[in-house]
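> Okay, here's the prediction I keep looking at, along with the sequence it came from:
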Amino acid sequence: MSIGHTLLGLLEKGPRHGYDLKRAYDERFGQDRPLHYGQVYTTLSRLLRNGLVEEAGVEAGDGPERKRYAITDAGVTDVEKWLSTPEKPEPYLQNTLYSKVVLALLSGRDAGDVLDTQRSAHLVTMRELTKRKAAGDLADQLICDHALFHLEADLRWLELTAARLDRLKTEVVR
Amino acid sequence: MRALLEATNLRKSFGPTPALDGAGLSVRAGEVVAVMGPSGSGKSTLLHCLAGILQPDSGTVRYRDAELSSMPDAQRSELRRTDFGFVFQFGQLVPELSCLENVALPLRLGGIKRRAAESRAREWLERLEVTGVADKRPGETSGGQGQRVAVARALVTGPSVVFADEPTGALDSLNGERVMQLLTAAARETNAAVVLVTHEARVAAYSDREVVVRDGKSREVEPAR
Ligand SMILES: Nc1ncnc2c1ncn2[C@@H]1O[C@H](COP(=O)(O)OP(=O)(O)OP(=O)(O)O)[C@@H](O)[C@H]1O
Ligand SMILES: [Mg+2]
């Protein structure tokens, strides 16, 4: 996730202190990974250098936490551009599980076991997300669904591979 | 905890190739078990044997202290009516009856008077958020509404085990999820166990653990913790 763009987007509603920004970010997007203060201030100073934010008042005392930041016109343009540019679809061509399956087949181990173990681990995580979704608000539901659909895709691949292990084996060990 | 329902070493053939080849499964009271596996692997056959709908060629199915395969047919059907509930992918409601009458039907068959049966049926329709279709026939409802009515009908008698075979198979994700939430929440409240056949991981994620069936053999997976 582009932290810079996200902070810029949060600044569009009005100027904020770095501390407020961190809180707003964590509340909406932090989920399991809240920002460090260090990240907030290095990001803000980069945005400042690039003219995307400007200082909007400094309270008495010193230290970065006294400053308020406001988005500039260039910053707004930058957010707009970011929002209208599609995210690059992940190619998903690097796949550890595929490598494990092939190596298991090559070494005469049970590749089915590799897949079974993975299915079970995926389902454990999916159960946790499903419980969290049931207890959460709409934001939680959307975030958990995103994760659940991705894990489900892994499992669909896994089932398809399980069904084609015999064929894969003949091709791999040839 | 001792199993409520336990199948061991089931074999069943419908011709030369076995549909079940040593499959087994044990279900404890109140737990939700997902039965997963590829198409044709024997999931539905396993469920039908567990529920006493099909007789296995060999192997045992024990429910509480009774052995299902040695029971007379009439006693087995009686057990299915009193202790088991069923939800299938589709086509399980009686088309000529209203949804309310459909849900009340298992109670009526158990000898409960119409008014009492229908008032309990209405409570279940409420719980599944489909009171609006009470007076409609199943053919006049949407897929999602029909499945909720079917869940209400499966649970209305307070069964110990609910057998669900692809209960969300014909629904879109949002409706499927809602049906799963309602089904598992209601089952947990009434301490009913659920045997849930599904090939969808997101549906299986509503279970407590999964059993994988492949080529008529099953593999029970204890929840990793
Ligand atoms: N009534 C039947 N008559 C003949 N063959 C049957 C019958 N029921 C099942 N079979 C066969 O037994 C095997 C297992 O079928 P089953 O319906 O249990 O699979 P399943 O795992 O439920 O598949 P799906 O995911 O497609 O529903 C299949 O080869 C199927 O063709
Ligand atoms: Mg089936």
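Done, it's in. Numbering: from 1, shown residues only, chains lettered A, B, ... in the order given. Ligands and ions are numbered 1, 2, ... in the order given.
> hey, let's count contacts and neighbours off CA atoms from now on
OK.
> ok, now which ones touch B:Thr8?
Contacts of B:Thr8 were listed using CA atoms under 8 Å, 6 or more residues apart in numbering or on different chains, and they are B:22-25, B:59-61.
> Buried residues, the host helix or strand of it. List them.
Secondary structure from DSSP states H and E places B:Thr8 in strand B:5-13. By neighbour count on 16 or more other CA atoms under 10 Å in any protein chain shown, the buried set for strand B:5-13 is B:5-12.
> Can you show me the helices along chain A?
A:3-11, A:18-25, A:37-49, A:73-84, A:96-106, A:111-135, A:138-163, A:165-172 (DSSP state H).
> Quick check: which of those is nearest to ligand 1?
Closest to ligand 1 of those, according to CA to the nearest ligand atom: helix A:138-163, at 12.3 Å.
> what about that closest one, near chain B?
Yes - judged by CA under 8 Å from any CA of the partner chain, helix A:138-163 comes into contact with chain B through A:148-149, A:152, A:155, A:159, A:163.
> Go through these and say which is closest to A:Glu171.
Closest approach between those and A:Glu171, by CA to CA: A:Ala163, at 14.6 Å.
> In terms of distance to ligand 1, which of the contacts of B:Thr8 ranks first?
B:Ala23 (11.2 Å).
> can you pull the contacts of that closest one?
B:Ala23 touches B:7-11, B:46, B:213, B:216-218, counting by CA under 8 Å, 6+ apart.
> I'd like the mean pLDDT over stretch B:4-17, please.
Stretch B:4-17 carries an average pLDDT of 95.
> So that stretch, near ligand 1 or not?
Yes - Stretch B:4-17 comes into contact with ligand 1 (CA under 6 Å from any ligand atom), by way of B:Phe14.
> Of all residues in chain B, which one is nearest the centre?
B:Phe163 (1.5 Å; CA atoms, centre = their mean).
> three-state assignment of that one?
Using DSSP: H, G, I helix; E, B strand; the rest coil, the three-state assignment for B:Phe163 comes out as strand.
> Return the set of buried residues in the worst-scoring helix or strand of chain A on mean pLDDT.
Within chain A, no helix or strand scores below strand A:53-58, which has a mean of 88 by mean pLDDT, DSSP states H and E. Of the residues in strand A:53-58, A:53-55 count as buried by neighbour count, 16+ other CA under 10 Å.
> Of those residues, which are in range of chain B?
The overlap between the buried residues of strand A:53-58 and the neighbours of chain B (CA under 8 Å from any CA) is empty.
> picking up where we left off before, mind listing the strands the strand holding B:Thr8 pairs with, and their directions?
The pairing partners recorded for strand B:5-13 under DSSP bridges are strand B:18-27 (antiparallel), strand B:58-63 (antiparallel).
> angle of that strand against strand B:161-165?
40 degrees (axes from the mean of the first three to the mean of the last three CA atoms, to 10 degrees).
> can you list the weak-confidence ranges in the chain?
The chain I'm using is chain A. Along chain A, the parts satisfying pLDDT under 70 run over A:1, A:60-65.
> meant chain B actually
Using pLDDT under 70, chain B drops low at B:1, B:91, B:222-225.
> Quickly note the distance from the closest residue to chain A within it to B:Val32.
Going by CA to the nearest CA, chain A is nearest to B:Ala205 of chain B, at 4.6 Å. Remark: distance between B:Ala205 and B:Val32 (CA to CA, to the nearest Å) = 10 Å.
> And B:Ala104, by the same measure?
Distance from B:Ala104 to B:Val32, by CA to CA: 25 Å.
> Which helix or strand lies directly C-terminal to the biggest helix by length in chain B?
Secondary structure of chain B per DSSP H: the longest helix is helix B:173-189. Heading C-terminal from helix B:173-189, the first helix or strand you meet, by DSSP H and E, is strand B:193-197.
> Quick check: residues of chain A near chain B?
A:120-121, A:123-124, A:126-127, A:130, A:134, A:148-149, A:152, A:155, A:159, A:163.
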